[in-house]
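[1] Sequence plus the predicted model coming up.
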Amino acid sequence: MSSDQGRRRTSGKGGGGAPGVVAARRLGLIAFGAAFVALFVIVAIAEGIGHPGVPSGAVAYVEDAPAGRGEVTKADFRRGLAQVAAQSGQKQAPKPGSKQYAELKESTLNTLLEPIWLEGLGEELGITVSDKEVAKEFKKLKSENFKTQAEYKKFLKQSNFTQADVDERVKLQIVSTKVQEQLKEEVPAPSKSEVEDYYEAAKPTQFTQKETRDVRVIVNKNRKKAKAAREALSKDDTAKNWNKVAKKYSEEPTTSQSGGLRKGATEESLEEPLGAAVFGTPEGQVEGPLKTGQGYTVFEVENSTPGSVQELKTVEAQIESTLAQRAEQEYFSSYVAGFNAKWTARTFCASGYVTERCANFEASGHPSTAPEACYEANPKGGLPEACPAPVFQLVPALPGTVTPLEPRGEPLAQRPRPAGGEEEGEGAAGALPEGLVPEGAAPPEEGAPEEAPPAEEPPAEEPPAEEAPGEESE
């Protein structure tokens, strides 16, 4: 996992084009936590936990933080706000009460809390970082991203970073990398049975090479012209003559200038009935005209490549890598969710600075991305279009879709079943098995007349027999 993953983009004017932003991203300072921090799952902890109180002059306090790191002062916040503003392209920090201040306040608090949380996690895991390691990593990052010392100094000025700020973020980036490495060792390797199950499930799609055929075709909407093309090719089916006849008769733009050649065609790539005809005909045999959706088709199989299946031993390492990456992702997601909840419960914020990452945050129960007007009785300008459903929608896996390839299955949105019948297209899928009675419904009385069976429908006429390729009547 690279240290460039999971970088945060703060809101505000100027997007990402400011020189300070570019330099900060190059040095890897905006989101030092890499993939680990990118996996943060916001967990709101209801108020009511023991509140230690936020010290005077501070905006937040983190319990059980590393020594000297638990208090986030107002001076820390002002400096962090200036840095976040610079990263978002603003020349100076916005003033309290302004729209820009409200937009950047939460991002600023996050950038101040994340280092404390991550450093605290590293301490609990016994991870240490020496000054020598920081100096070595800083030298590497600096040489990769800045050509001269003057360019680096310009970055410091534009981003409102000090050398101490840079060193701290480099240190936390090293901590993040070591945390990931330590957690990775805790993930169990995929078992032999898991590898075999994945192989069997993926074999038809990933490890099977289907039979292909190089086929020449001529398509014409006029049957007589298609027959003339076949007669010409029956006398001479060389590639040279195919080129000549295709230019004269074929109305298919993609192959009319290449002798009608389609290379490496699978049966599924050819429209029916052409696919079945091509794969049921020997090589070197001119057939047609066959009626298809495009018109009348004359074809000849030039050569065939048989299908093949890769053996498990040849793809075993590939499967193990895929399963290991999946297991790591799931383990990291689960671990980080717990980590975030744990440190949220330890974090308390002063009035005016409370966010979802504070234990004393009172959740409204509304999604953070939903417009406030969605929950107003008479919203000005009417109800917004993008309002979430009033009830959280469960999306379990569709039965039968959970496989070794898709362990989470295909999401199936839950919705009420319409009264009075089945949904269109469901057929009898919702019907009860014969003999079962819905709960609360009385069984039929003994001796009650049964429903009359439906009248028999007259038998359908048998469809005419299909003609063999090349034997279609006028």
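    Perfect, I can see it now.

[2] Tell me where the chain is predicted with low confidence.
    1-52, 368, 390-393, 414-474 (pLDDT under 70).

[3] which residues in the stretch 151-300 of the chain form helices?
    Along the stretch 151-300 of the chain, counting by DSSP state H, counting those that start in this stretch, helices occupy 163-186, 192-206, 223-235, 239-249, 274-278.

[4] so which of those gets nearest Asn360?
    When the helices of the stretch 151-300 of the chain are compared by C-beta to C-beta, helix 163-186 sits nearest Asn360, at 25.5 Å. The way it works is simple: take the backbone N, C-alpha and C, and place the C-beta from them, glycine included.

[5] can you pull the buried residues of that closest one?
    165-166, 168-180, 183 (16 or more other C-beta atoms under 10 Å).

[6] Stretch 387-406 too?
    Buried residues in stretch 387-406 (16+ other C-beta under 10 Å): Pro404.

[7] contact partners of it?
    194, 197-198, 200-202, 367, 370-371, 374, 408-415 (C-beta atoms under 8 Å, 6 or more residues apart in numbering).

[8] what about 7 Å?
    If you take C-beta atoms under 7 Å, 6 or more residues apart in numbering as the criterion, stretch 387-406 is touched by 197-198, 201-202, 367, 370, 374, 408-414.

[9] ok, of those, which one's closest to Arg346?
    Pro367 (25.1 Å).

[10] Select the longest strand from this protein.
    strand 295-305 (DSSP state E).

[11] Skip ahead from it and say which helix or strand is next.
    strand 308-309 (DSSP states H and E).

[12] And the contacts of that next one?
    Lys203, Phe207, Thr208, Gln209.

[13] Tell me where the stretch 301-450 of the chain has helices.
    312-344.

[14] chain center to stretch 362-381: distance?
    28 Å (C-alpha atoms, centre = their mean, to the nearest Å).

[15] Alpha carbons only: can I get it in PDB?
    The C-alpha trace of stretch 362-381 is given here as PDB (Å, rounded to 0.1, in the frame of the first residue of the first chain):
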ATOM      1  CA  GLU A 362     -25.300  14.700  19.500                       C
ATOM      2  CA  ALA A 363     -26.400  12.900  16.300                       C
ATOM      3  CA  SER A 364     -29.600  14.200  14.600                       C
ATOM      4  CA  GLY A 365     -30.200  10.800  13.000                       C
ATOM      5  CA  HIS A 366     -30.100  12.500   9.600                       C
ATOM      6  CA  PRO A 367     -27.500  11.500   7.000                       C
ATOM      7  CA  SER A 368     -24.700  14.100   6.900                       C
ATOM      8  CA  THR A 369     -24.900  14.400   3.100                       C
ATOM      9  CA  ALA A 370     -28.700  15.100   3.100                       C
ATOM     10  CA  PRO A 371     -29.900  18.700   2.700                       C
ATOM     11  CA  GLU A 372     -31.400  20.200   5.900                       C
ATOM     12  CA  ALA A 373     -34.500  21.100   3.800                       C
ATOM     13  CA  CYS A 374     -35.300  17.400   3.600                       C
ATOM     14  CA  TYR A 375     -36.300  17.500   7.300                       C
ATOM     15  CA  GLU A 376     -38.100  20.900   7.400                       C
ATOM     16  CA  ALA A 377     -41.900  21.100   7.600                       C
ATOM     17  CA  ASN A 378     -42.100  23.800   4.900                       C
ATOM     18  CA  PRO A 379     -38.800  24.100   3.200                       C
ATOM     19  CA  LYS A 380     -38.100  27.300   1.300                       C
ATOM     20  CA  GLY A 381     -38.100  26.600  -2.400                       C
END
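
[16] before we move on, back to that, list just the nearest of the buried residues of helix 163-186 to Gly120.
    Of the buried residues of helix 163-186, the one sitting nearest to Gly120 (C-beta to C-beta) turns out to be Val175, at 10.1 Å.

[17] any idea how far that closest one lies from Pro396?
    With distances taken as C-beta to C-beta, to the nearest Å, Val175 is found 38 Å from Pro396.
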